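# Need the 3D shape of this:
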Amino acid sequence: MATGTLLATAACSGGSDSPGTASGTASTVAERPPAAQSTTPSSTPGGELTKAGARSALITESDLEDDWNPVKDPSTWRDSLLLGDVDAAKFLTGKSDAQDCKRLMDSLYDETLLGSPSGASAATGFEQGDSRLYYQVAAYEKADLDQSMEWLKSLPSACDEFTLTGGDHGDRTVQVVERTLPGESEARQGLTVSVKGTSDGDPVTLTLDVAAVQVGANAITVTNGGLDGADHDSTDAAVSQGTPRLTEVLAGGTPKPTPSGAG
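Prediction:
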């Protein structure tokens, strides 16, 4: 994405794993079967998350605020502003914190915030102007997920502000700030990550909301933002609408589709 088009330009500069544009008019992944078509639960109470259950737990544009539109394949989204090496010399605690910050930037680039799922997963994406929202539901190894959530909680302190070097955009200043997510019962962590650098010689700031909600050995992850900033209300809506959907699926139910305009 350049100044006028967020991740689209960056996708072109992201290399061979960043094919073309990701926009479309519908998301086949995001579609959920109506409750009337389901004769058995998506997953049994206490059982593992199934592929059908993960799809059923996804939100749609009706769950979000404003005018978000679904895209066909959000897995192709990449932003080269996130690529580079962390300047470890400026860290008081040295290489350990620098490695954590590098892991954060890499995971934001390839949408592996909590690591690779060990079980079923489904993802969908939406765009609004130059901003994009990526939403994933996935099952993980419980111990690995616990560690990933603790790692996320450490980042506002460990990473705070650092310099990203190299790549196609030179030196960039990155700030990591904690933000509160709606809800209280499940383990959750929110961040806002801003990357200040240049694109095509012009100064730009990429701002991303990052959210993770853990439900047992399963989790929701949200990445939302762009060069025009992050819409915090949409991030909160995704968490507020998506968490009970996943909880219902894990209890053996099939959430009803959200009525249009009820986000």
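
# Which stretches in the stretch 51-200 of the chain count as strands?
For the stretch 51-200 of the chain, applying DSSP state E, counting those that start in this stretch gives strands covering 69-70, 85-86, 121-128, 131-139, 161-165, 172-179, 187-199.

# winner for burial among the ones you listed?
strand 131-139 (a mean of 25; mean count of other C-beta atoms under 10 Å). Backbone N, C-alpha and C define where each C-beta goes, glycine included.

# for the longest helix belonging to the chain, packing partners?
Looking across the chain with DSSP state H, the single longest helix is helix 232-250. Under the contact definition 3 or more C-beta pairs under 8 Å, 6 or more residues apart in numbering; DSSP states H and E, helix 232-250 sits against helix 51-56, strand 131-139, strand 187-199, strand 202-215, strand 218-226.

# The second one: partners in the sheet, and parallel or antiparallel?
Paired strands of strand 131-139, with direction, are strand 121-128 (antiparallel), strand 218-226 (antiparallel) (DSSP bridges).

# Report the inter-axis angle for it versus strand 202-215.
30 degrees (axes from the mean of the first three to the mean of the last three C-alpha atoms, to 10 degrees).

# quick one on the thing from earlier: any idea which of the strands paired with strand 131-139 gets closest to His169?
strand 218-226 (15.7 Å; C-beta to C-beta).

# any idea of the pLDDT on Phe91?
Note for Phe91: predicted pLDDT of 78.

# which one is it nearest to, not counting chain neighbours?
If you skip the residues right next to it in sequence, Phe91 has Asp97 as its closest partner in space, 4.8 Å away by C-beta to C-beta, 6 or more residues apart in numbering.

# looking at it, the one you found is touching Glu161, isn't it?
No: counting by C-beta atoms under 8 Å, Asp97 does not reach Glu161; the two are 11.5 Å apart.

# Might one say that Gln128 is in contact with Trp68?
Yes: taking contacts as C-beta under 8 Å, Gln128 lies within contact range of Trp68: 4.7 Å.

# Please enumerate the shared neighbours of those two.
Ser234 (C-beta atoms under 8 Å, 6 or more residues apart in numbering).

# on that earlier part again, quick one, what contacts the residue nearest to Phe91?
91, 158-159.

# repeat that for 10 Å
Going by C-beta atoms under 10 Å, 6 or more residues apart in numbering, Asp97 touches 86, 88, 90-91, 154-155, 157-160, 162.

# same question, Ser107
Neighbours of Ser107 in contact, by C-beta under 10 Å, 6+ apart: 82, 113-115, 148, 151-152, 210, 221, 223.

# In JSON lines: the residues you listed, plus neighbour count and distance to Val195.
What follows is the contacts of Ser107, written out as JSON lines (neighbours: other C-beta atoms under 10 Å; distance: C-beta to C-beta, whole Å):
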{"residue": "Leu82", "neighbour count": "25", "distance to Val195": "7"}
{"residue": "Leu113", "neighbour count": "23", "distance to Val195": "16"}
{"residue": "Leu114", "neighbour count": "21", "distance to Val195": "20"}
{"residue": "Gly115", "neighbour count": "17", "distance to Val195": "22"}
{"residue": "Ser148", "neighbour count": "23", "distance to Val195": "22"}
{"residue": "Trp151", "neighbour count": "18", "distance to Val195": "19"}
{"residue": "Leu152", "neighbour count": "25", "distance to Val195": "18"}
{"residue": "Val210", "neighbour count": "24", "distance to Val195": "12"}
{"residue": "Thr221", "neighbour count": "24", "distance to Val195": "19"}
{"residue": "Thr223", "neighbour count": "25", "distance to Val195": "13"}
